[in-house]
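>>> Any chance you can model this:
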Amino acid sequence: MRKTIIILYLMLIFVLVAVPVLSEDQKASPEGLTPEKASEAEASGVPNQSAKTHEPMVKMSVPLFSPLFSGFPVATVNDENITMEELRDAVNEAHTQMSEDKATVKVNYGDILNRLVNLKLILQDAEEMGINELPEVGESVTSYKKNLMRDLVKSSYIKKAKADSKEIERIYKELTKEWKIRSVLFFDEEDAKKALSAAKEGNNFADLAVKAVSDKKAKGDVEPQFVKPGMLMPKISEAITKMKVGELSPVIEILAGKDNSGYSIVELLDVRNVDNQELRKKAEQEALANKKATMLLEYRQSLYKQYVKVDRKLFESLDFAAKKPGIEKFLKDKRTIAVIKGQKPITVGDLAEAVKKSFFHGMESASAEDFKNRKTQMLEKMLGDRVLDKEAIRMGLDKTDQYMKAVKEYKDSIIFGAYLEKVIIPDVKIKHDEIESYYNEHLSEFSTPLMMRVRSIAFKERRFAESAIEKLRKGTDFNWMVSHAEGQVEPDDKRLEIFDQNLITVKSMPEGMQKAVAGSSADDIKLYESPAGYFYAVLIMQVVPAKPAALEAVKGQITEKLIAQKLKKSMDELAAKLRQAGDVKIFLSEAGQ
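Sure thing, here's the model as predicted:
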């Protein structure tokens, strides 16, 4: 998995990371190079076109995103074109990547084109070595083609799906629902039953709960509070869904470890919905997903009616879990379970093979029920895949530009990865002293951050804050100061910054606060002036120093970084050699307007 991630990462940066590109002087030449820059360009990997051809050259202003010029070559690599469409796609990917990274660097089209050239050279070299003919490459591409066509069929069918407004509201109400409850956990079941019985006889449950906690027969928050259903244990949440406001739950047994097990009683006091636009978006997405799932299920069933006939009697009679005849015998069974019009039938042996493969960790511990469920699941999958394959061919999806482009890109990525594994990765070795050196040079990357727990009092003027700090340093109780100090900012002021005694990283504090508490120890009192012009007396309650992780704990992480660096360097060096030996022509002379 780690190797795969590194390969995908390298393929991305191989296309997107900047390399030297044409300067303003080079752009002035019709061929893209001036004689004075020829030797310099040759060394940097940009081909000296003027030295290789005397053909007349013309400049053209071609719109990058116009479909009219999609097939227009912006470069040739050993007579193989890199088209405007390929450059456009790479530019779009670069924009997406920078958007995700929140970068502000302007995309340089020339840099990206140079990377596309290098990638093309490596893919050509891989094909010359026969890597594209490797069985594992062919198998991976074949599997991808099938899955892609099925996905295209499904996406074509559901592209006009719209979420039902009533379903959105139903989901939104569930997502924003909060229950106001009083919950008590009794240590003994008998005590819980007595309390519930007493409440049903007319005694106030709140009083019973307070007394039980006071008598140390129970624990819990006797004060009511609003909670989201997802915050509660499933047993409690399930019980509340069946209750009306004002009702008590039955005694619920809770098993949650030594300290949190017992017998719970919950009182439902109120139900409310809190407006939340983020959750509304989530409800819309969930409702749309539900709609698409329903449409796909109906679509698949309609395809079954058109194309499929299943021998249900034979299917039901198959017992893959039985010792006799045993699943190995079923693997050779040629009887037909299902017929799909125009396709090879599904036999008992086909289904048995699919069931066997579905038990990734072996069938030894599987129950008869497991086998029964897998039998149904595998037949459904096989039928679903085959009817989608049939529909994809009927719709001609394997002839579309979208399909062929996606297959080519995937195949290139597989060949690129195989090339890395066979040609470059074997020569990449990481020594322990390299790991240790990287660790020492980047120690801050592998350290837990400096953290503090603080409390604060906000004042409108500096003099009030300084007076409070002086009193606090002389021993005045902080809580007393919160209650009595004059000149404080009103609690509902929206510009008020809240430091609520949670342990937080110093880096997450406002910049001015970071400077104010720098070098502090526990019990120090500091003055902080906020951007809003308020003055804070800040009590440092706890300091947790930054602590570096042990080298052994981050060794794998560092190794991955170093491998990626060395692979990147090796690929750049290889691409430069391939450029030198190949015939590369770049027609891009002006970009980024």
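>>> did I read that right, E253 in a helix?
No. Under DSSP: H, G, I helix; E, B strand; the rest coil, E253 falls outside any helix and is assigned strand.
>>> what's the distance between it and K193?
Relative to K193, E253 is positioned 12 Å away (C-beta to C-beta, to the nearest Å). Just so you know, the C-beta spots here come from the backbone N, C-alpha and C atoms, and that holds for glycine as well.
>>> So between those two, which is more surrounded?
Between E253 and K193, K193 has the larger neighbour count (other C-beta atoms under 10 Å), namely 15 against 11.
>>> In space, what's closest to the more buried one - neighbours in sequence excluded?
Using C-beta to C-beta, 6 or more residues apart in numbering and skipping residues adjacent in sequence, the residue nearest K193 is V251, 5.8 Å away.
>>> ok, the one you found touching A199?
No. The pair V251 and A199 does not pass the contact test of C-beta atoms under 8 Å, sitting 11.2 Å apart.
>>> where do the contact lists of these two overlap?
The contact sets of V251 and A199 overlap at I265 (C-beta atoms under 8 Å, 6 or more residues apart in numbering).
>>> tell me the contacts of the residue nearest to K193?
F186, E189, A192, K193, L196, Y263, S264, I265.
>>> Quick one: buried ones out of those residues?
Taking 16 or more other C-beta atoms under 10 Å as the criterion, what is buried in those is F186, A192, L196, Y263, S264, I265.
>>> Out of these, name the ones that lie in strands.
The strands, defined by DSSP state E, take in F186, Y263, S264, I265 from these.
>>> thought the third one was touching F187?
No. Because the distance of 11.0 Å does not satisfy C-beta under 8 Å, S264 is recorded as not touching F187.
>>> Excluding covalently adjacent residues, which one is nearest to A458?
Excluding the flanking residues, the one nearest A458 by C-beta to C-beta, 6+ apart is V489, at 4.1 Å.
>>> Quick check: the one you found touching V482?
No. Using C-beta under 8 Å as the test, V489 is too far from V482 to be in contact (11.9 Å).
>>> Look at these two and report which has more neighbours.
Each of V489 and V482 has its neighbours counted (other C-beta under 10 Å); V489 has more, 19 against 14.
>>> can you pull the pLDDT of the more buried one?
pLDDT for V489: 94.
>>> likewise S29?
Per-residue pLDDT puts S29 at 38.
>>> E36 now?
For E36, pLDDT reads 41.
>>> shaky segments in the protein?
1-54, 98-105, 590-593 (pLDDT under 70).
>>> Where do the domain boundaries of it fall?
The record assigns the chain these domain ranges, following automatic domain parsing: 167-278, 311-395, 450-545.
>>> Distance from the chain centre to the last one, please.
Distance, stretch centre to chain centre, for domain 450-545: 37 Å (C-alpha atoms, centre = their mean, to the nearest Å).
>>> so which of the ones in strands among the buried ones among the contacts of V251 comes closest to A458?
S264 (40.4 Å; C-beta to C-beta).
>>> need the contact list for that closest one.
By C-beta under 8 Å, 6+ apart, S264 lies in contact with S183, V184, L185, F186, A192, G220, I236, S249, V251, I252, E253, I254.
>>> Any chance you could list what contacts stretch 493-506?
449-456, 458, 489-490, 510, 513-514, 517-518, 530, 532, 534, 536, 538, 541-542, 544.
>>> ok, now stretch 444-456?
Stretch 444-456 is contacted from outside by 439, 478, 497, 499, 501-507, 509, 517, 520, 528, 536-549, 554, 557, using C-beta under 8 Å, 6+ apart.
>>> are any of these buried, and which?
439, 478, 497, 499, 506, 509, 517, 520, 528, 536-541, 543, 554.
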